[in-house]
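Enquirer: Model the structure of this input:
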Amino acid sequence: MLFMQDTIIIIPTYNEIENIEAIIKAVFSLEKNFDVLVVDDSSPDLTALKVKELQEQFKERLFLEVRKEKSGLGTAYIHGFKWSLAREYRYIFEMDADFSHNPKDLIRLYNTCHVDGADVAIGSRYVKGVNVVNWPMSRVLLSYLASKYVRFITRMKIHDTTAGFICYKREVLESLDLNKIKFTGYAFQIEMKFKAYCRKFNIIEIPVIFTDRTKGESKLSSGIISEAIFGVISMKFKSLFVK
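Expert: Predicted coordinates for the structure are as follows:
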């Protein structure tokens, strides 16, 4: 049997050809060994083909799952979670491909779970002020106020409720019915945290600096934002009737 690392980074991609090689090599250059799973939604720019090429260089450390079509961030992560749980990883990460999340912070998130006892470690933009670089003020305000709004509605003690830079212990993901995760856009991030919070898992935020992408295009849309705003109320309401 091949030795497997205890930790895997899930990176969902759609048209990330400009970033994917650099982000993968950055992860593999860290002092701790991480495996990487790229979940690609059949990117027209052939992101998956680049990953296949890199697999020759990083055998048994770099994995690829290609889905038939663009199906949303949430379903990409759910696909990755199921894949990772089937292979017995202890720590399962979410990270963007575009360097908005600094790969060097992966070790800090890992240590927050592995050493400090968190069940969920969140790379937080807002736990200590506002740590966002290269975003227009309008988007900073939208994101910051959205997190405040979600915190008010859900009563979660989390500052960055929409964060997408996260380490989960496998026990957290095993406790959730991943087939019942409703949201597919950025509200997916809120729903995952809320369900972990309701199950009283130990959630710790660590401050990170979020830097907006310099290559490729943002996937944020008005539909994703409205899903987050209105979906939160529905999610909280339903939770009141579930023991």
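Enquirer: May I have the phi/psi pair for the residue nearest the centre of the chain?
Expert: Central residue of the chain (Cα atoms, centre = their mean): residue 94, 2.9 Å from the mean position. Per-residue torsions, residue 94: phi -110, psi 140 (degrees, to the nearest 10).
Enquirer: Could I get the full set of helices for this structure?
Expert: Secondary structure of the chain (DSSP state H): helices at 20-28, 47-55, 73-86, 105-114, 137-154, 170-175, 187-198, 222-239.
Enquirer: could you dump these to CSV with mean pLDDT and mean neighbour count?
Expert: The C-beta positions use only the backbone N, C-alpha and C, and glycine is treated the same way. Listed next are those as CSV, based on pLDDT from 0 to 100; neighbours: other Cβ atoms under 10 Å:
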stretch, mean pLDDT, mean neighbour count
helix 20-28, 97, 19
helix 47-55, 98, 19
helix 73-86, 96, 20
helix 105-114, 98, 19
helix 137-154, 85, 16
helix 170-175, 97, 16
helix 187-198, 93, 22
helix 222-239, 73, 15
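Enquirer: can you redo those helices as CSV with distance to residue 34?
Expert: Listed next are these as CSV, based on distance: least, Cβ to Cβ, whole Å:
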stretch, distance to residue 34
helix 20-28, 6
helix 47-55, 14
helix 73-86, 12
helix 105-114, 6
helix 137-154, 27
helix 170-175, 15
helix 187-198, 20
helix 222-239, 28
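Enquirer: Tell me the spacing between the closest residue to the residue nearest to the centre of the chain other than its chain neighbours and residue 197.
Expert: Excluding the flanking residues, the one nearest residue 94 by Cβ to Cβ, 6 or more residues apart in numbering is residue 166, at 4.6 Å. Residue 166 sits 13 Å away from residue 197, going by Cβ to Cβ, to the nearest Å.
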